[in-house]
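Trainee: Just the structure for this:
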Amino acid sequence: CDWLSVAKIVPLTPVVRMLRLLRLVRVLKLSSRLLFNNWLLHRVLHTEARRATSSILFLLLGLAVSIHWVACGWFAIGSLEIYERSWIDASFKNDATVSYQYTTAFHW
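Mentor: Purely as a prediction, here's the structure:
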């Protein structure tokens, strides 16, 4: 059996087209699986990253609010005129701005 004689009897064009079509179907199935897996992986990672980022930001916000309250309390204690000289008198000159005093109290 010679392949050339078979090729003359059976036209190869429809067979080649059918094989290409089957290969295209396989490629489309594989690409759809890969796209779905990529989408699923991206969605899971994206939500995990968002959850971690929001948790960190929430903790930092809570820390800043706590430090703010401590700074206000520390400044209020220093502003009381119970003692002759407080940490405010020792740390600041008369021309110190309120924002500088607050950031110093925030730092402590």
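
Trainee: Let me know the average pLDDT across the longest helix anywhere in the chain.
Mentor: Criterion DSSP state H: the longest helix present in the chain is helix 12-79. The pLDDT scores in helix 12-79 average 79.

Trainee: Work out the gap between that helix and the centre of the chain.
Mentor: Chain-centre distance of helix 12-79: 7 Å, with Cα atoms, centre = their mean, to the nearest Å.

Trainee: Check which helices and strands it sits against.
Mentor: helix 87-91, helix 98-107 (3 or more Cβ pairs under 8 Å, 6 or more residues apart in numbering; DSSP states H and E). C-betas here are computed from N, CA, C, even on glycine.

Trainee: Pick out the shakiest of these, pLDDT-wise.
Mentor: Taking the mean pLDDT of the helices and strands packed on helix 12-79, helix 87-91 comes last: a mean of 73.

Trainee: Tell me, how many residues neighbour the closest residue to Ser79 other than its chain neighbours?
Mentor: In this structure, Ser79 finds its nearest non-sequential neighbour in Ile88, 6.3 Å apart by Cβ to Cβ, 6 or more residues apart in numbering. Ile88 is flanked by 17 other residues according to other Cβ atoms under 10 Å.

Trainee: Ok, Phe75 next?
Mentor: 19.

Trainee: thinking it is in contact with Ser99, fair?
Mentor: No. The pair Phe75 and Ser99 does not pass the contact test of Cβ atoms under 8 Å, sitting 12.0 Å apart.

Trainee: ok, now how distant is Glu81 from Ile88?
Mentor: 10 Å (Cβ to Cβ, to the nearest Å).
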